[in-house]
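Novice: Provide a 3D model corresponding to the input given below.
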Amino acid sequence: MNGVEENKIMIEYFFVDKTTGTPADTLAAFGFAALLEFVVPESAGDPGLRIEDEGDCYRISLAIPFSSAWLEEIEFFSLLQALDTAKQKSNLPNTVDYVAHQSRNNAYFEGRKKGLDPTLLAEQGLIPPHADWPAWAIINQMAATNTYNGLVATWHLHRPYFATLIQMTMETFRQRPNDIAQAEQAWTEKAKQWNLGAKSAAAQLQVVNPGMGKGGNKSKANGLSIGGLNGFWLIEYLKFAGLLYAAVPRTVSGSKDRKTYVLRPKSLLWRTHRTIFPKFQNALYAQTAIKMDILASLRYCRTFLQQWKEGQGETLFIHAEGSPGDHVAGLEVIHYKHLGSAHATMNLSTLILPNWLPQINSIEQANLFLSLLSEHETIVRNLEEKISREFELLRSYRDFLSGKDLSTFFQFTGQYASYVLNAMLESRFPPRRFHTTNLEVLIMSHNPDLAAIVQNPGFRRIARAIRTSTVVPQWYKAQARKTGQPNPNPYDIRYGLGADLLRHASYPEKFAQALATFIYEYSQENARVNARVNERTQDDKPVRRHNIREQDIEDVLSLISQFQDSETVANLLVAFGYASDPRQNNEGGTSDPPGDSEELFSDSDDDSLDGEE
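Specialist: Predicted coordinates:
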């Protein structure tokens, strides 16, 4: 959209400067956007409220002209409710009974642990926690309740002068850059005139200012004292509002650490945000640190696509085109370390939403990527961070998630291949493997040119040979161990095959030699098994597998030559070779592993089992 067209649509602009370079800026922007939502009356129609990242600030815009009559008719509202806790009480109206919420939440979760149906619990007055409970909880647990309630109380003092307060707030953010010092001075003069008895300064607490912990903070080096920083109370109030409207605080499983995920908007329509955000909040549960980072990113994308799919044909999502990353750039992550008596900011990071998700244009395309995201969630969710090998897998996957570099994905699939083989025997249930259909979707969304590799018949047959030399016979072995039945699979399990191919991947000649060695041994084993099979009765014949054709080898070597990249071909072979192919789903009479499908062949599975084409 060019500048002329944009000016015709976007009429009113406001700007929230990025003064700290931390999530505190984002929280303030969302808090101000929430305020605008209340200011614009319903009679004005859809305001087209939008938040956009301008680099040095967030631009918040209205698609309708602002009317001074709105302020003349405005009624008092509050973006926040004071918290009544066991230690803090407030005389303000509409307070939150924190203790009652906490007691009810505990009773609800106890009932769920006992397997009680949510409907039955609801009849007893036990419902899931309020959507704002995580924010209330982190405010209380990080000893911010007193300051928070003070901000709510200061806001309420302006009830007789509410229109002026809102006008002052809006004027502050009309200017670029924001002159917060001038706004604070103007408010101080008004506060004296109104005899409010309130201070302009409020503590900048870590719960909404993760970079503002206690320490040596003097601007002039004339002494050292340990204390926190203060800010203009109105800005701090908006940050706490942003905590409710754009942040998802969670406890890290297995510890008392905390993480807060704050949406970083790119070009986000407020109406779209208000539809997706509550569902995203409900979709993200407490997990271990790295796993929760991954699931936060995947589940926001899945929630966005699901809502896009369900909203087709409605005006609600008419502006929600593109991929999730076109609307929300990522998630800002605040990691708070529990220090015994308090929490302190341990780390600030950003999770970029997967930029390999393309613009979604159809229900069918949405379903493809919803299936892919769901599969990745399942694989990640079953990995345990406390186990060192799985911890490294999670780290590799997180590195891949925020980029558009397939090499990081291949690093994960290479590690995951050997993990799958070991876990098949060690785990009660076989680990979930990628499906080849979802792998195709992922690979081609990164680079459509790679379709020539992954859809090549020779490539597919050699990948299947890898599969029937590794994960398939291992699955049979695991099944035989569990059931006590004879193992019908006569083929050896090639445990180091994937690692061996990848070790030579960077060198075309060495990779070709390693692949040729595998194919030779694979063909020799097929010949030996076929010779034994001919001597057995039909009922006693074991599982058999297809042969590799000369054309298959030529196809793969041709791909290496065409792309001048043996490493990519090798990584794709291993990724697809250790995946599950639902298009070749024949279990030879055995049951499927839960949630997966294995490719197991009987005599009728392939026309070339005996070397005939």
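
Novice: Would you indicate which residues of stretch 115-130 are buried?
Specialist: By neighbour count on 16 or more other Cβ atoms under 10 Å, the buried set for stretch 115-130 is 121, 126, 129. For the C-beta atoms, the positions are set from N, CA and C on the backbone; glycine is no exception.

Novice: In helices only, show me the residues you listed.
Specialist: Counting by DSSP state H, the part of these found in helices is Leu121.

Novice: Let's have the buried residues of stretch 115-130 in JSON lines, adding pLDDT.
Specialist: Converted to JSON lines, the buried residues of stretch 115-130 look like this (pLDDT from 0 to 100):
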{"residue": "Leu121", "pLDDT": "91"}
{"residue": "Leu126", "pLDDT": "92"}
{"residue": "Pro129", "pLDDT": "95"}
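
Novice: The closest residue to Pro324 other than its chain neighbours: helix or strand, and which one exactly?
Specialist: Nearest residue to Pro324 in three dimensions, chain neighbours excluded: Phe304, at 4.1 Å (Cβ to Cβ, 6 or more residues apart in numbering). Per DSSP states H and E, Phe304 falls inside helix 289-310.

Novice: before we move on, back to that, which one of the buried residues of stretch 115-130 is nearest Lys482?
Specialist: Closest approach to Lys482 among the buried residues of stretch 115-130 (Cβ to Cβ): Leu121, at 36.9 Å.

Novice: what residues are up against that closest one?
Specialist: By Cβ atoms under 8 Å, 6 or more residues apart in numbering, the contact set of Leu121 is 108, 111-112, 127.

Novice: again, only using 7 Å
Specialist: Contacts for Leu121 (Cβ atoms under 7 Å, 6 or more residues apart in numbering) come out as 108, 111.

Novice: All the strands of the stretch 401-550 of the chain, residue numbers only.
Specialist: Counting by DSSP state E, counting those that start in this stretch, the stretch 401-550 of the chain has no strands at all.

Novice: which residues of it fall in helices?
Specialist: Counting by DSSP state H, counting those that start in this stretch, the stretch 401-550 of the chain has helices at residues 406-426, 436-446, 451-454, 457-467, 471-483, 497-503, 508-533, 550-563.

Novice: among these, which is nearest Lys279?
Specialist: helix 436-446 (23.0 Å).

Novice: and the direction of the closest one versus that of helix 457-467, what angle?
Specialist: Interaxial angle of helix 436-446 relative to helix 457-467 (axes from the mean of the first three to the mean of the last three Cα atoms, to 10 degrees): 130 degrees.

Novice: Can you name every helix or strand that helix 436-446 contacts?
Specialist: Here helix 436-446 touches helix 363-381, helix 451-454, helix 566-577, going by 3 or more Cβ pairs under 7 Å, 6 or more residues apart in numbering; DSSP states H and E.

Novice: Including mean neighbour count and distance to Pro160, could these go into TSV?
Specialist: Shown next, in TSV, are the helices and strands packed on helix 436-446 (neighbours: other Cβ atoms under 10 Å; distance: least, Cβ to Cβ, whole Å):
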stretch	mean neighbour count	distance to Pro160
helix 363-381	17	51
helix 451-454	17	67
helix 566-577	24	67
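
Novice: Can you name the next helix or strand after the worst-scoring helix or strand of the chain on mean pLDDT?
Specialist: For the chain, counting by mean pLDDT, DSSP states H and E, helix 3-9 ranks last in confidence among helices and strands (a mean of 42). Next along the chain after helix 3-9, taking DSSP H and E as the criterion, comes strand 12-17.

Novice: and Asn94, how many neighbours?
Specialist: Look at Asn94: counted by other Cβ atoms under 10 Å, it has 10 neighbours.

Novice: ok but it is inside a helix, no?
Specialist: No. When classified by DSSP: H, G, I helix; E, B strand; the rest coil, Asn94 is found to be coil rather than part of a helix.

Novice: Quick check: the gap between the closest residue to it other than its chain neighbours and Gln167.
Specialist: Spatial nearest neighbour of Asn94, excluding adjacent residues (Cβ to Cβ, 6+ apart): Gln81 at 5.6 Å. Per Cβ to Cβ, to the nearest Å, Gln81 is found 24 Å from Gln167.

Novice: who's more crowded, those two?
Specialist: A side-by-side neighbour count of Gln81 and Gln167, using other Cβ under 10 Å, places Gln81 first with 18 against 14.

Novice: And that one, how far from Thr145?
Specialist: Using Cβ to Cβ, we find Gln81 at a distance of 12 Å from Thr145.

Novice: How about Leu401?
Specialist: 35 Å.

Novice: circling back: next, the buried residues of the helix holding Phe304.
Specialist: Within helix 289-310, judged by 16+ other Cβ under 10 Å, the buried ones are 289-309.
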